[in-house]
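Undergrad: whatever this is, show me its structure:
(one chain, ligands or ions: 1)
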Amino acid sequence: MRGQLMDQAAVTLESHELSKTYFSTEPPTEVLRGIDLSVRAGEFLVVMGTSGSGKSTLLYSISGMDRPTSGNVTLEGRELTSLGDTEMSKVRLTRMGFVFQQPHFLGNLEVRDNILLPALRAAPKQGREAAISRVDALMERFGITHIRSHGITQVSGGQLQRASICRALAGEPSVLFADEPTGALNSSMTAEVMDAFTDVHRDGTTIVMVTHDPGVAARGERVIYLRDGTVEAAREIGRWEPDTARRREDDLLAWLRDLGF
Ligand SMILES: Nc1ncnc2c1ncn2[C@@H]1O[C@H](COP(=O)(O)OP(=O)(O)OP(=O)(O)O)[C@@H](O)[C@H]1O
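TA: You can find the predicted model right below:
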């Protein structure tokens, strides 16, 4: 009983009967069909699945970027689906971080100012100096201090994605959402970006990441597999360590092959 209560308390993000239908198409496109999901605090959850199975839609629906058609989402005990747009934006800004396949940075600002901007908006009362020192510490940690004054066209894709991670973490979110964060990167940049994710996870940040790359997915702790808008299967794979990486990836690949991936 005690164990059950503790497990319950450890859930940070939940969806219940989450459904999403796009009515802009004829016939309407039913993308998510009643998804129940629980993400534990500090967990690294990976979402995989067939193409068009609803992975990105799920990520957008549980992070408040998109409104589900029915069902609900709760973050840290607060029901997101009942919030108005302004409140939802505030929750996204202060409790969530986002990393996308293509980083969206402002071309007229240098790298550090791009990272700083949302941090200042998320915690204006803490002041500019506090935000700058937080951002500088993050940039140092992820090895991009030397590009802080660069324009965003003067850096590599891997550096830019690490800058995205800094930007996503600058507001000290409780959950980091990532949609194909390595989709546009070569293999060495992918490894450097995933090392950054592993680092973030070790710090205790909850991560929910969509990927189609099994090597990237092997960095997670649990993988769910979507098909036609439902969770077809799930697999706990434990914590990533460099010396077990190969075995975890092989194990995950075998599981995915069984699912027809
Ligand atoms: N705004 C929209 N209007 C109508 N249909 C949409 C919209 N966005 C997504 N869809 C459809 O919803 C389905 C799921 O899309 P989604 O992007 O969530 O899938 P996915 O699993 O992330 O796919 P992929 O792996 O190909 O990126 C697809 O059939 C897609 O065409």
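Undergrad: where along the stretch 151-261 of the chain do the strands fall?
TA: Applying DSSP state E, counting those that start in this stretch to the stretch 151-261 of the chain gives strands spanning 175-179, 206-210, 222-227, 230-236.
Undergrad: just put those in CSV and tack on mean neighbour count and distance to the ligand.
TA: C-betas here are computed from N, CA, C, even on glycine. Shown next, in CSV, are these (neighbours: other Cβ atoms under 10 Å; distance: least, Cβ to the nearest ligand atom, whole Å):
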stretch, mean neighbour count, distance to the ligand
strand 175-179, 23, 8
strand 206-210, 24, 6
strand 222-227, 20, 6
strand 230-236, 14, 12
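Undergrad: can you put those strands in TSV and add mean pLDDT?
TA: Formatted as TSV, the strands of the stretch 151-261 of the chain follow (pLDDT from 0 to 100):
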stretch	mean pLDDT
strand 175-179	97
strand 206-210	98
strand 222-227	98
strand 230-236	97
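Undergrad: next up, phi/psi of the closest residue to residue 79 other than its chain neighbours, please.
TA: Nearest non-adjacent residue to residue 79, counting by Cβ to Cβ, 6 or more residues apart in numbering: residue 72, 5.7 Å away. With angles defined as degrees, to the nearest 10, residue 72 sits at phi -140, psi 160.
Undergrad: check residue 240 too.
TA: Backbone geometry at residue 240, expressed as degrees, to the nearest 10, gives phi -80, psi 130.
Undergrad: quick one: residue 115 is in a helix?
TA: Yes - using DSSP: H, G, I helix; E, B strand; the rest coil, the assignment for residue 115 is a helix.
Undergrad: any low-confidence regions in the protein?
TA: 1-9 (pLDDT under 70).
Undergrad: how about the residues of it by the ligand?
TA: 22, 24-25, 29, 31, 49, 51-57, 212 (Cβ under 6 Å from any ligand atom).
Undergrad: ok, and the closest non-adjacent residue to whatever residue of the stretch 151-261 of the chain ends up closest to the ligand?
TA: Minimum separation of the stretch 151-261 of the chain from the ligand (Cβ to the nearest ligand atom) falls at residue 212, amounting to 5.9 Å. Counting by Cβ to Cβ, 6+ apart, the nearest residue to residue 212 once its immediate chain neighbours are dropped is residue 48, at 6.7 Å.
Undergrad: the one you found touches residue 55, doesn't it?
TA: Yes - counting by Cβ atoms under 8 Å, residue 48 does reach residue 55; the two are 7.2 Å apart.
Undergrad: that older thread, hang on, isn't the residue nearest to residue 79 packed against residue 18?
TA: Yes - Residue 72 lies in contact with residue 18 (Cβ under 8 Å); the separation is 7.4 Å.
Undergrad: higher neighbour count, these two?
TA: residue 18 (25 against 14; other Cβ atoms under 10 Å).
Undergrad: any idea how far that one is from residue 79?
TA: Computed as Cβ to Cβ, to the nearest Å, the residue 18 to residue 79 distance reads 12 Å.
Undergrad: find the residues that touch each one of the two.
TA: 72-73 (Cβ atoms under 8 Å, 6 or more residues apart in numbering).
Undergrad: among the residues of the chain next to the ligand, which ones are in strands?
TA: Among those, DSSP state E puts 22, 29, 31, 49 in strands.
Undergrad: who's the residue nearest to residue 212 bridged to?
TA: On the basis of DSSP bridges, residue 48 is bridged to residue 225.
Undergrad: and for it, the neighbour number?
TA: Residue 48, neighbours per other Cβ under 10 Å, totals 26.
Undergrad: check contacts around it.
TA: Neighbour list for residue 48: 55, 210-212, 214, 217, 223-226, 256, 261 [criterion: Cβ under 8 Å, 6+ apart].
Undergrad: just the closest of those residues to residue 12, please.
TA: residue 224 (15.9 Å; Cβ to Cβ).
Undergrad: ok, residue 76 to residue 44 distance?
TA: 18 Å.
Undergrad: pick out whichever of those two has more residues nearby.
TA: Counted by other Cβ under 10 Å, residue 76 and residue 44 do not tie: residue 44 has more neighbours, with 25 against 14.
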